[in-house]
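Peer 1: only the shape, not the letters, is given here:
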């Protein structure tokens with residue numbers, strides 16, 4: 001049964017050192033507040049999974065909490081590199097990490113296979129590419145019906161999936177509108193899931209088919225207004241482009257990065273996200 005918890009309590013209860021964790025959201029609804037709580041609690045030795053690792057993975061890796069990243073793209077959207085990821089890969093600072101790189105199609109299919117309880121995903125892909133040379137988890141199989149050569153990758157089965165959404169009702173049903181990534185699949189594939197939302201309401205006031213995640217699919221719901229900042233939440237606030245641009249100069253220097261994390265993450269709490277979206281609000 002879904003629980004309504006503070007973000008601090010939800011992370012403490014469901015995520016442990018050595019777990020695999022997916023923080024999903026595609027441009028929109030990226031669960032920054034949840035990642036910051038994981039950093040504050042210092043939960044380490046994590047395998048992190050995400051189709052498009054951006055600032056939150058730069059921060060998790062820069063704080064030394066990650067041992068492996070499974071991903072299909074990594075970068076600061078519209079700006080450039082993930083400086084802390086690159087430093088970890090090239091220089092082992094603050095620790096070395098293992099990378100498992102996939103295509104978007106492969107990782108999306110792997111999440112869907114995990115949600116379906118299947119051991120692997122089978123799809124058309126990777127023909128004429130070299131990624132399988134550096135990723136031993138990319139295999140080829142022959143279709144038993146047509147003889148066609150297909151690609152196969154292991155299912156994604158996170159210990160915990162983190163997503164951000166617009167609303168949840170008091171039964172725990174979750175509403176997501178706007179751009180979707182693999183949030184639904186990540187939650188369905190995971191052993192446990194933590195959903196941060198902008199608000200908890202009596203009634204979602206929408207068609208039942210718009211409720212992407214019913215209450216029985218979710219472990220914990222946490223009310224965290226602004227919890228996707230600096231990404232955006234449809235109908236609530238805009239993307240904070242300045243934060244993404246500023247991050248490049250913050251993350252390029254180890255000392256500057258550590259000072260920023262100390263001030264803006266380690267000494268903060270989830271409530272600060274509501275303050276960060278001031279001036280970005282969308283009039284509904």
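Peer 2: Nice, I can see it. Since we're looking at a predicted model, the values are computed, not measured.

Peer 1: use CA for all of it now, contacts and neighbours both
Peer 2: Fine.

Peer 1: okay, and the beta partners of residue 195?
Peer 2: Assessed by DSSP bridges, residue 195 has beta-bridge partners residue 163, residue 221.

Peer 1: tally of neighbours for it?
Peer 2: 29 (other Cα atoms under 10 Å).

Peer 1: contacting residues around it?
Peer 2: Going by Cα atoms under 8 Å, 6 or more residues apart in numbering, residue 195 touches 162-165, 218, 220-222.

Peer 1: let's have the residues you listed in TSV, adding distance to residue 23, pLDDT and neighbour count.
Peer 2: Putting the contacts of residue 195 into TSV (distance: Cα to Cα, whole Å; pLDDT from 0 to 100; neighbours: other Cα atoms under 10 Å) gives the following:
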residue	distance to residue 23	pLDDT	neighbour count
162	5	98	26
163	6	98	28
164	9	98	32
165	12	97	27
218	15	98	23
220	15	98	25
221	15	98	30
222	15	98	24
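
Peer 1: show me where the stretch 101-250 of the chain has strands.
Peer 2: 120-123, 139-142, 149-154, 160-169, 174-175, 192-201, 220-223 (DSSP state E, counting those that start in this stretch).

Peer 1: got the contacts of residue 195 as CSV, with distance to residue 27 columns?
Peer 2: Output for those, formatted as CSV (distance: Cα to Cα, whole Å):
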residue, distance to residue 27
162, 15
163, 12
164, 12
165, 13
218, 22
220, 23
221, 21
222, 21
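
Peer 1: give the contact list for residue 36.
Peer 2: Counting by Cα under 8 Å, 6+ apart, residue 36 touches 56, 265-266.

Peer 1: reformat the residues you listed as TSV; add distance to residue 135.
Peer 2: TSV is the format used below for the contacts of residue 36 (distance: Cα to Cα, whole Å):
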residue	distance to residue 135
56	24
265	34
266	35
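
Peer 1: wait, which of those is closest to residue 62?
Peer 2: Residue 62 lies nearest to residue 56 out of these, by Cα to Cα, at 9.7 Å.

Peer 1: and that closest one, which of the three is it?
Peer 2: helix (DSSP: H, G, I helix; E, B strand; the rest coil).

Peer 1: that one contacts residue 37, correct?
Peer 2: No - applying Cα atoms under 8 Å, one finds residue 56 not in contact with residue 37, separated by 11.1 Å.

Peer 1: where in the protein is pLDDT low?
Peer 2: Along the chain, segments meeting pLDDT under 70 span 284.

Peer 1: break it into its domains for me.
Peer 2: What the record gives for the chain is the domain set 3-102+157-276, 116-154, from automatic domain parsing.

Peer 1: for the last one, buried residues please.
Peer 2: When burial is assessed from 16 or more other Cα atoms under 10 Å, domain 116-154 yields the following buried residues: 118, 120-123, 126, 132, 138, 140, 150-154.
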